[in-house]
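[1] for reference, the sequence and a predicted model appear below.
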Amino acid sequence: MDAVEFGKYLLLEQVGVGRIGQVWKARVMGVKGLEKFLAIKRLLPHLTPEKGVVELFMEVGVLLVQLQHENIVRTYDFGSVEGTPYLAMEFVLGKDLAQLMRGLRERGQALGMEEALYIMIELCKALDFAHKFTSSERLGRPLVHAGIRPQNVLITQDGRIKLSDFCVSRVLFEGLEDKERVLEKTLPYVAPELARGELIDQRTDIFCAGVVLLELVTGKSWIEGSPTEVLARIRSEDLDTTKSIPEDLAPSLQEILYRALASAPSDRYASAQEMLSDLKAYGQEIGAQSEEVSLARYLDSLFGEELTRAKALAQGTEWQEETVSFDSEMQPSVEEPETGTEGGGPKKKLLLFIASGVAVILVILLLVFWPGSKKVEKASPTAPEYAQGVSQEGLEKTGQAPTGQVGVETTSVAEQETASPGQVEGQKVAPQEQVAPTQESQTSPEFERMKGRIDEGLHALAEERYADAINIFEAILKEAPSLNQDLAAPYAKALEGEGLRLEEKQPRRAKKLLVRAVQLNPESVEANFHLGLLYVESKNYTKAIERYQRVTALDPQYADAYFNLGYVYAITKKYDKAEQMYERVVALAPPYLDEALFNLAMIQRRLGKKDSCIENLKRAVIVNPDNKLAKRYLKRLAGE
């Protein structure tokens, strides 16, 4: 579109529309012809007749031009052109947190805990400054954001955090009569006191920050339902916000969320500084470091080409693919690996990042596989040849040799017990197939009495109506506990099936079901593997290791389990063990061998084994010549 004059600004293109205004990329001529790019936020046309909105908008402008902090989007100017109020702000090249989270979900990725902490620490720095801000123009009101949500947490291309849209919710809420509609558009980032029309202060912002934190670490909203239902629940005097906090989070993190999300403002952190201090303390507890570089790589992985082009246009240059920086080269491919089998292989993979560095900052590509009901049955044709060089070393460390065949998952009746945490990865456990009751049990009087209901439960299980099967089996066992051992296998299978069905949407419920399933049947590869995934999601790495060890004991050829063990060991900084696990994966030569080789190389780089790192990067490129990540990093290392 053609540029549009707007007072002293030249509007180049509209880049977004918010709750209060249109956001335009604009240019202004400075001293000696110097051009500067800005973001112009123009009040929406339907709001300009609202006198209360316009007055508050201009009042906010007076405050914002004085609000200068590195974590707050800078406002340079405000005013009105032909009756349209505007703010002239810093043009941020990057994406907002909502876009990042959506992009990660679409590609099966998740934000790491260290990155989430970094975002929240920077956000709290912004709030702490704003809440303490003093100005002669404040008219005695506290400066409260009142609308913190992922959409106004901006992430620059180089990974810095900037909070935008200060006081927008206040302008809308105080300036418009239809306050219900304003609240509905802000859900679920609404504090109870705001929803009830009570006085708000800095603790209102702390609540919203807690909502964002909860969403970052769990991937889920604190409250769900229609706007009307949600608002009614938030306004309820019986609201217990802490019920949304998972019990399996680290105690220190739970405490932060409890204090931030308390229903009553008096029970929350009194200041953003207090919350900031606890976030930093938790970061020290888990060994987290600043994740600015890692966060930048997330953006580059998802939006790299778009942001590079935007930056080039802003600088008046043409974009070229060859100008991508080393930082962007360290991004993982998000394409699904070809399995070479029908229906096999990972159905979904989650990409997580760890930032580390001494002289050179690295990002380790760590893939957590989420397979379907079948595992990869054979490797890619070129895999064995190039795995050979590392397989012997890996086998010596794990004490196992590949058989060339992947084990078949089976189930059996077992005592209620869990796998020993001391099991060695790859130590074979002989499974026994058994899902229906035994022949011996079918001759007992109790079984004969319950036969009709047992058949009903088995029929529900066969039709994959797992919840119905669970209810039937539990009712039978309540009435006839002597059949507990006899029904263990089908009952465990029903628990497992329902757990897998709920894994994505209700992970806490799924975890409970799968825990019970592996208690009844410790030999289920499927239940143990998916329980491990849920423990990884909730950052319970000790239990995740136990589950994956159990999987590798049941099926020493299950490459995905070793891959995920490598991830867990890496994120817990047990790099020697991580190296062993990735070597084991390479020895098994799965279809994603090039990715395993790359991860192995990154771990070896972290361990100071540069020669081994380079060698495995070369192998990754031989296995998959299209692995641009390995090629680029190999080129980088060659130049050191």
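    The structure has been received and is ready for your questions. Note that this is a predicted model, so its numbers are computed, not measured.
[2] distance of the closest residue in space to G225 that isn't next to it in sequence relative to S263?
    Distances taken as CB to CB, 6 or more residues apart in numbering place R233 nearest to G225, at 7.1 Å, with adjacent residues excluded. Quick note: C-beta positions are derived from backbone N, CA and C, even for glycine. Per CB to CB, to the nearest Å, R233 is found 11 Å from S263.
[3] for V586, same thing?
    V586 is 52 Å from S263, by CB to CB.
[4] neighbour count winner among those two?
    V586 (29 against 19; other CB atoms under 10 Å).
[5] just to revisit the earlier point, now do the buried residues in the helix or strand containing the residue nearest to G225.
    Using DSSP states H and E, R233 sits within helix 227-235. Within helix 227-235, the residues that count as buried by 16 or more other CB atoms under 10 Å are 230-231, 233-234.
[6] helices or strands next to that helix in the packing?
    helix 179-186, helix 192-195 (3 or more CB pairs under 8 Å, 6 or more residues apart in numbering; DSSP states H and E).
[7] and the helix or strand following the shortest one, which residues are buried?
    Sequence-wise, the next helix or strand beyond helix 192-195 is helix 202-218, with elements assigned using DSSP H and E. Along helix 202-218, the positions that meet the burial threshold by neighbour count (16+ other CB under 10 Å) are 202-218.
[8] could you dump helix 202-218 to PDB, C-alpha only?
    What follows is helix 202-218, C-alpha atoms only, in PDB (Å, rounded to 0.1, in the frame of the first residue of the first chain):
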ATOM      1  CA  GLN A 202       0.000  -3.300  41.900                       C
ATOM      2  CA  ARG A 203      -1.200  -6.600  43.300                       C
ATOM      3  CA  THR A 204      -3.600  -6.800  40.400                       C
ATOM      4  CA  ASP A 205      -0.600  -6.900  38.000                       C
ATOM      5  CA  ILE A 206       1.000  -9.500  40.200                       C
ATOM      6  CA  PHE A 207      -2.000 -11.800  39.800                       C
ATOM      7  CA  CYS A 208      -1.900 -11.400  36.000                       C
ATOM      8  CA  ALA A 209       1.800 -12.100  36.000                       C
ATOM      9  CA  GLY A 210       1.100 -15.300  37.900                       C
ATOM     10  CA  VAL A 211      -1.400 -16.300  35.300                       C
ATOM     11  CA  VAL A 212       1.200 -15.900  32.600                       C
ATOM     12  CA  LEU A 213       3.800 -17.800  34.600                       C
ATOM     13  CA  LEU A 214       1.300 -20.700  35.100                       C
ATOM     14  CA  GLU A 215       0.600 -20.800  31.400                       C
ATOM     15  CA  LEU A 216       4.300 -20.800  30.500                       C
ATOM     16  CA  VAL A 217       5.200 -23.700  32.800                       C
ATOM     17  CA  THR A 218       2.100 -25.900  32.200                       C
END
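[9] how about low-confidence regions in the protein?
    Along the chain, segments meeting pLDDT under 70 span 1, 29-35, 134-142, 169-182, 290-291, 311-443, 639-640.
[10] in it, which helix is the longest?
    helix 292-314 (DSSP state H).
[11] buried stuff in it?
    For helix 292-314, by 16+ other CB under 10 Å, it's 292-304, 307-308, 310.
[12] likewise stretch 468-485?
    In stretch 468-485, the ones that count as buried by 16+ other CB under 10 Å are 468-470, 472-473, 476-477, 480, 483.
[13] and of those residues, the nearest to M120?
    Distances from M120 to the buried residues of stretch 468-485, taken as CB to CB, are shortest for I470 (38.4 Å).
[14] where's the residue of the chain positioned farthest from its centre relative to L458, distance?
    Distance from the centre of the chain peaks at P445, with 52.5 Å (CA atoms, centre = their mean). The gap separating P445 from L458 is 19 Å, by CB to CB.
[15] distance of the spatially most central residue of the chain from P188?
    The residue lying closest to the centre of the chain (CA atoms, centre = their mean) is A110, at 2.7 Å. According to CB to CB, A110 stands 20 Å off from P188.
[16] stretch 185-192: end-to-end distance?
    The straight-line separation of the ends of stretch 185-192 (CA to CA, to the nearest Å) is 15 Å.
[17] which residues does that stretch contact?
    Stretch 185-192 is touched from outside by 19, 147-149, 169, 183, 200, 203-204, 207-208, 211-212, 221-224, 227, 230-231, 234-235, 239, 241, 263, 265, with contacts defined as CB atoms under 8 Å, 6 or more residues apart in numbering.
[18] please redo it, this time with the cut-off set to 6 Å
    19, 147, 149, 183, 204, 207-208, 211, 221, 223, 227, 230, 234, 239, 263 (CB atoms under 6 Å, 6 or more residues apart in numbering).
[19] stretch 3-12: how far from the chain's middle?
    Per CA atoms, centre = their mean, to the nearest Å, the displacement of stretch 3-12 from the mean C-alpha position of its chain is 39 Å.
[20] I figured L307 hits Q157, correct?
    Yes: checked against CB atoms under 6 Å, the pair L307 and Q157 is within contact range at 5.1 Å.
[21] find residues that contact each of these two.
    Joint contacts of L307 and Q157 (CB under 6 Å, 6+ apart) do not exist.
[22] who does T75 bridge with?
    Counting by DSSP bridges, T75 forms beta bridges with M89.
[23] quick one, what contacts E446?
    Contacts of E446 (CB under 6 Å, 6+ apart): 480, 482-483.
[24] which of these sits closest to F6?
    Checking the contacts of E446 one by one against F6 (CB to CB), the nearest turns out to be L483, at 78.0 Å.
[25] for I476, see how far away the closest one is.
    On the measure of CB to CB, L483 and I476 end up 6 Å apart.
[26] next one: L593
    48 Å.
[27] next: W222.
    Taken as CB to CB, the span from W222 to I476 is 38 Å.
[28] in what helix or strand does L63 lie?
    If you go by DSSP H and E, L63 is part of helix 51-64.
[29] roughly how far is that helix from the heart of the chain?
    37 Å.
[30] buried ones in that helix?
    Those would be 53-54, 56-61, 63-64, for helix 51-64 by 16+ other CB under 10 Å.
[31] reformat these as JSON lines; add distance to V4.
    What follows is these, written out as JSON lines (distance: CB to CB, whole Å):
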{"residue": "V53", "distance to V4": "23"}
{"residue": "V54", "distance to V4": "21"}
{"residue": "L56", "distance to V4": "26"}
{"residue": "F57", "distance to V4": "21"}
{"residue": "M58", "distance to V4": "22"}
{"residue": "E59", "distance to V4": "27"}
{"residue": "V60", "distance to V4": "24"}
{"residue": "G61", "distance to V4": "21"}
{"residue": "L63", "distance to V4": "28"}
{"residue": "L64", "distance to V4": "24"}
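[32] closest to V28 among these?
    Using CB to CB, these come closest to V28 at G61, 16.7 Å.
[33] what's the burial count for the residue nearest to the closest one when sequence neighbours are not counted?
    Spatially, and ignoring its direct neighbours in sequence, G61 is nearest to F78 (3.0 Å; CB to CB, 6+ apart). F78 has 20 neighbouring residues, counting by other CB under 10 Å.
[34] cool, the one 5 residues further on as well?
    The burial count assigned to G83 is 10, neighbours taken as other CB under 10 Å.
[35] how about it, nearest residue that isn't a chain neighbour?
    Closest residue to G83 in three dimensions, ignoring its sequence neighbours and counting by CB to CB, 6+ apart: T48, at 6.2 Å.
[36] now the one you found: phi and psi?
    T48 has phi and psi values of phi -60, psi -30 when expressed as degrees, to the nearest 10.
[37] again with A288
    Torsion angles, degrees, to the nearest 10, at A288: phi -70, psi 150.
[38] any idea how far it lies from E115?
    Distance from A288 to E115, by CB to CB: 9 Å.
[39] kindly report the same for L56.
    L56 is 35 Å from E115, by CB to CB.
[40] picking that back up, the buried residues of helix 227-235: which two are farthest apart?
    L231 and R233 (7.4 Å).
[41] which of the helices or strands spans P591?
    Using DSSP H and E, P591 maps to neither a helix nor a strand.
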